[in-house]
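Q: got a predicted model here, sequence first, then my questions.
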Amino acid sequence: MSTFAAAPPRVLTVAGSDSGGGAGIQADLKAMLALGVHGMSVITAVTAQNSLGVQGYWELPAEAVRAQYRSVVDDIGVQAVKTGMLASVELVETVADLLADAPAPVVVDPVGVSKHGDALLAANAVTTLRSRLLPVATLATPNLHEVTQLTGITVTGEDGMLDAAKALRDLGPDWALIKGGHLEGEAADLLLGPDGEPHWYRAPRHDNRHTHGTGCTLASAIAAQLALGDPVPQAVARAKAYVTGAIAHGFALGSGIGPVDHFWRARNS
């Protein structure tokens, strides 16, 4: 007599592929597996990418993105969704329409540029992301460059992060997580939600240049924790702890910036 294990919570990533395996869809699925959920994917674009940067990218047709999403959601179902690289106005609009009635929390990582400074979102798509995608987000997770891109606010220190979080929430997401990783000192992030109470998350800064995929990994880890049933503040805390360890154990690949280690817990247990 056959027996079957119960399926783990299911998390869907809607993002671009990183041929180097450090960010994008590949990082998302690794983080999801490491945190005990079943990862699924809707690929929006294919990149030629390595430790030195992004040499090119090719977005998929909106029809292909829509078909992937419906195929997964209508049959398998989801407990959380995470978005990453969306590339163009058409794809931002397509994904926003799909997520308008999403049956699960939506974590939006508003990817604008890569770790190496390569553009991954068309300049004319920023307004669409701001007006169409952020309003359907449960949580948005911009870094400080993306905060400026979305709100016009330039954050130069922790004292400016609260205003940035308020401005981001005014664009529609239920929760805003402002990532302060580009500031000096501790790696401090600020979460602001519907009740207006700020939640600070601090971690030591590790002297490791191999941090490729950090933003993708954090957003995916948060989505995984939400699928596991955590409320947003606890999901962010657990995801932050996971990512901090992944950064500490980041390793060299190629001749540029290597990835964080998504399996650091398993390797060090």
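A: Cool, got the structure. The shown structure was predicted, so the numbers you read here are calculated from the model rather than taken from an experiment.

Q: any weak-confidence spans in the stretch 101-250 of the chain?
A: The stretch 101-250 of the chain contains residues with pLDDT under 70 at 113-118.

Q: ranges for the helices of it?
A: Here the stretch 101-250 of the chain has its helices, by DSSP state H, counting those that start in this stretch, at 126-128, 144-151, 161-169, 214-227, 232-248.

Q: between these, which one is nearest to A31?
A: helix 214-227 (4.2 Å; CB to CB). In short, each C-beta sits where N, CA and C put it, glycine included.

Q: which residues sit in contact with the residue nearest to L133 when sequence neighbours are not counted?
A: Sequence neighbours aside, A96 is the residue nearest to L133 in space, at 4.5 Å (criterion: CB to CB, 6 or more residues apart in numbering). Contact partners of A96, counting by CB atoms under 8 Å, 6 or more residues apart in numbering, are T128, R132, L133, V136.

Q: list just the nearest of these to V65.
A: Of all the contacts of A96, V65 sits closest to L133, with 13.3 Å by CB to CB.

Q: so what touches stretch 55-66?
A: 14, 16, 42-49, 85, 87-88, 90-91, 93-95, 98, 120.

Q: what's the PyMOL line that selects buried ones from those?
A: This is the PyMOL syntax for the buried subset of the contacts of stretch 55-66, where burial follows 16 or more other CB atoms under 10 Å:
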select buried, resi 14+16+42+43+44+45+46+47+49+85+87+88+90+91+93+94+95+98+120
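
Q: still on that earlier bit, and the residue nearest to L133, how far from L134?
A: Plainly put, A96 is 9 Å away from L134 if you go by CB to CB, to the nearest Å.

Q: most centrally placed residue in this protein?
A: In the chain, the C-alpha nearest the mean C-alpha coordinate belongs to A219, at 3.2 Å (CA atoms, centre = their mean).

Q: about what we covered before: which neighbours do A96 and L134 share?
A: Counting by CB under 8 Å, 6+ apart, nothing touches both A96 and L134.
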